[in-house]
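Asks: one predicted model, sequence on top.
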Amino acid sequence: MENVLFLSPHPDDVELGCLGTINEYVKRGYNVFVAIATDGERGNIDPDKYDRIEESVECLSKVGVKRDNILPFHLPDTKLNDHRTDIFEMVEGFCIKNNIDTIYINSNKDYHQDHLVVFEEALRAARKVKNILTYESNSSTFSSFSPNYFVNVSEFIDEKVNYLKSHKSQDGKHFILDHSVKSLAKFRGNQTKNLDYAEAFEVFRMTN
């Protein structure tokens, strides 16, 4: 059985970029893991009220990811450049321990400093993983992101929009609004010439 790891710099990054893809892997019976580098405390509109890690757990649980398969690193939000070795060692150790076959990492075509650090260190840590793909975030990915692999989420898009509402700490932010999520998926679907809605990825390495 294939083991797949989705790596998220902050709670909600993976869900925004990959929730439909995660749903597909779970439905096929794959072992799906999610690692979250920070607690996202700097982006929490009310830290006394909301726990962003638990929001991710709630959202991911709705598509069948097991609680035990969600690993928070608890590194400081916006300060990941000071924790490069930690990220490298955590990701490398997780990949080895769980025999990860495929890893999804956030794109480096991005202006958020945490996203860039996670990409760089995870790519080194996953050097022996067979399949490496990068995903986008409609909060911070540059338009230079040029996907060459698409996952059909046409039948799942309304559920994705609904499940993202688990991230109550992000209410009102443009990237998580219903129309923002759906319009990006619609644009990626249009690029395929075949799909109504899609999630999009750049393949860094893929091995049969």
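Replies: That came in fine, so what should we check first?

Asks: all helices for this protein, in order.
Replies: Here the chain has its helices, by DSSP state H, at 13-27, 52-61, 84-97, 113-125, 157-163, 178-192.

Asks: same for the second one, what does it pack against?
Replies: Meaning helix 52-61. helix 13-27, strand 31-38, strand 70-75 (3 or more Cβ pairs under 8 Å, 6 or more residues apart in numbering; DSSP states H and E). C-beta: built from backbone N, CA, C; applies to glycine.

Asks: now the angle from the shortest one to helix 13-27?
Replies: The directions of strand 70-75 and helix 13-27 differ by 160 degrees, with axes from the mean of the first three to the mean of the last three Cα atoms, to 10 degrees as the criterion.

Asks: hmm, who's touching strand 70-75?
Replies: Applying Cβ atoms under 8 Å, 6 or more residues apart in numbering, the external contacts of strand 70-75 come out as 33-39, 53, 56-57, 60, 83, 86-87, 90, 94.

Asks: tally of neighbours for the closest residue to Ala200 other than its chain neighbours?
Replies: Nearest non-adjacent residue to Ala200, counting by Cβ to Cβ, 6 or more residues apart in numbering: Pro147, 3.5 Å away. Neighbours of Pro147 under the rule other Cβ atoms under 10 Å: 19.

Asks: next: Leu71.
Replies: 17.

Asks: just Asp68 next, same as before
Replies: 7.

Asks: just give me the neighbour total for Asn148.
Replies: For Asn148, using other Cβ under 10 Å, the count is 10.

Asks: count the neighbours of the nearest residue to it once chain neighbours are set aside for me.
Replies: When the adjacent residues along the chain are set aside, Asn148 lies closest to Val203, with 5.7 Å between them (Cβ to Cβ, 6+ apart). Number of residues near Val203 (other Cβ under 10 Å) recorded here: 12.

Asks: and Val203, what are its bridge partners?
Replies: Beta-bridge partners recorded for Val203 (DSSP bridges): Leu133.

Asks: quick one: contacts for it?
Replies: Here Val203 is in contact with Ile132, Leu133, Asn148, Tyr149 (criterion: Cβ under 8 Å, 6+ apart).

Asks: tell me the most packed of the residues you listed, by neighbour count.
Replies: Leu133 (23 neighbours).

Asks: does His115 touch Val14 like I think?
Replies: No. Assessed by Cβ atoms under 8 Å, His115 is found out of contact with Val14, at 11.7 Å.
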